[in-house]
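*Asks:* Take a look and give me a structure for this.
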Amino acid sequence: MTILVTGATGTVGRHVVDQLVEKGVEVRAISRNPAKANLPERVEIMEGDLNFPESLKAAFEGVKGMFLILSSDEPNATLQTQPKVIELAEKAGVRRVTVLVSYEEGPVEEALKNSGMEWTLVKPGEFMANILADWQESIRTEGVVREPFGDAPSARVHEADIAAVSVAALLEDGHHKQSYMLTGPESISRREAVRTISEGIGKVIHFDELTEDQARQNWRDQGYEEGDIDFFVLMVKNPPEIGHTVVPTVEQVTGRPAKTLAEWVLEHKHKFE
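*Replies:* Numbers count the residues shown, from 1 in each chain. Purely as a prediction, here's the structure:
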């Protein structure tokens with residue numbers, strides 16, 4: 001079976017590629033820039049862009065399963081996956097699709113559910129990897145994290161666990177029509193997360209709690225509009241219960257416990273030096 005991986009160089013997609021390769025699966029990866037993909041030698045890399053579904057026709061040939069992303073976490077990348085991708089995949093003979101989605105479903109998920117393919121929706125909460133985007137630089141250079149609402153809880157999930165559930169859904173039977181909510185094994189506050197990172201990397205990290213006004217001004221300085229800022233505040237100040245309620249899905253699907261933040265920190269310790 002050949003599995004097509006979209007977003008193959010992204011936070012989750014790269015783990016999906018690596019785990020499939022480890023299992024001996026034939027992997028074909030889509031990239032806007034194949035020359036810079038830097039994927040394992042065994043992986044077939046083809047040029048394509050989810051924003052332009054017709055560009056994927058060749059990549060679908062001979063593929064029986066697909067890992068599909070709907071948005072990109074690559075720097076400066078813009079992505080709006082179209083339902084047409086589902087139509088083309090089914091027409092090409094793809095039989096099974098796993099989609100990485102946010103909490104709310106949209107037209108792509110609807111098209112998939114109305115197709116004749118087997119489908120699984122993977123819905124993770126906050127990524128542990130967001131720590132690198134949000135805190136890495138200030139931890140590395142100043143030994144400090146500046147955030148509002150230090151006691152706001154989150155059940156952060158390891159990106160490798162998101163990939164493991166996605167891979168299981170692609171390679172195993174029994175996952176058709178499942179919508180898997182994913183979290184890590186613990187719900188901890190921002191303040192506690194910083195403490196975990198500090199202990200894991202052996203460096204004192206101070207948590208500098210910003211006021212709401214200070215946080216809003218920081219987001220303005222970064223170019224965000226007021227509507228976006230209101231949403232950020234809402235999500236952090238009063239996070240939805242679904243984002244900090246631990247669920248056992250990772251262990252139920254993979255047969256092993258979800259990875260802790262402490263484990264993630266040890267794996268990424270070198271990035272904070």
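*Asks:* going forward, measure contacts between C-alpha atoms and count neighbours the same way
*Replies:* Noted.
*Asks:* what comes into contact with the lowest-mean-pLDDT helix or strand in the chain?
*Replies:* Sorted by mean pLDDT, DSSP states H and E, the helices and strands of the chain end with helix 226-237, the least confident at a mean of 90. For helix 226-237, contacts defined as CA atoms under 8 Å, 6 or more residues apart in numbering pick out F149, A152, E212, R216, W219, R220.
*Asks:* Farthest-apart pair in those, please.
*Replies:* Spatially, the most separated pair among the contacts of helix 226-237 is A152 and R220, at 21.4 Å (CA to CA).
*Asks:* quick one, which of those two is more surrounded?
*Replies:* A152 (18 against 14; other CA atoms under 10 Å).
*Asks:* tell me the contacts of the closest residue to that one other than its chain neighbours?
*Replies:* Take A152 and drop its neighbours on the chain: the residue closest to it by CA to CA, 6 or more residues apart in numbering is S189, 5.1 Å away. Applying CA under 8 Å, 6+ apart to S189 gives the contacts G150, D151, A152, P153, S154.
*Asks:* Start from the N-terminal end of the chain and give the strands.
*Replies:* Secondary structure of the chain (DSSP state E): strands located at 2-5, 26-31, 44-47, 63-69, 96-100, 118-124, 144-148, 153-154, 178-182, 188-189, 206-210.
*Asks:* thinking again about what came up before, what's the closest of the contacts of S189 to S55?
*Replies:* For these, the residue nearest S55 by CA to CA is S154; the value is 38.1 Å.
*Asks:* The closest one and P240 touch, don't they?
*Replies:* No. Counting by CA atoms under 8 Å, S154 stays clear of P240, with 9.5 Å between them.
*Asks:* Neighbour count: these two, which is higher?
*Replies:* Shown here are S154 and P240; by other CA under 10 Å, S154 has more neighbours (27 against 13).
*Asks:* And the closest residue in space to that one that isn't next to it in sequence, how far from E109?
*Replies:* Nearest non-adjacent residue to S154, counting by CA to CA, 6+ apart: H244, 4.3 Å away. H244 sits 24 Å away from E109, going by CA to CA, to the nearest Å.
*Asks:* what about E142, how many neighbours?
*Replies:* 11.
*Asks:* Before we move on, what's the pLDDT of it?
*Replies:* On the pLDDT scale, E142 is placed at 97.
*Asks:* Contacts only, for L210.
*Replies:* L210 touches R146, E147, P148, F149, counting by CA under 8 Å, 6+ apart.
*Asks:* E186 is in contact with V246, isn't it?
*Replies:* Yes. Contact status for E186 versus V246: in contact at 6.2 Å, counting by CA under 8 Å.
*Asks:* any residues in contact with both of the two?
*Replies:* A155.
*Asks:* can you give me the helices in the stretch 151-273 of the chain?
*Replies:* Under the criterion DSSP state H, counting those that start in this stretch, the stretch 151-273 of the chain contains helices at 159-171, 190-201, 212-221, 226-237, 249-254, 261-267.
*Asks:* measure E47 to Q80 for me?
*Replies:* 17 Å.
*Asks:* export the contacts of S189 to CSV and tack on distance to V101?
*Replies:* Listed next are the contacts of S189 as CSV, based on distance: CA to CA, whole Å:
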residue, distance to V101
G150, 27
D151, 27
A152, 23
P153, 21
S154, 18
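*Asks:* and of those, the nearest to E54?
*Replies:* S154 (38.9 Å).
*Asks:* tell me the pLDDT at Q222?
*Replies:* Confidence at Q222, expressed as pLDDT, is 88.
*Asks:* Report the contact partners of E186.
*Replies:* For E186, counting by CA under 8 Å, 6+ apart, the contacting residues are A155, R156, V246, T260.
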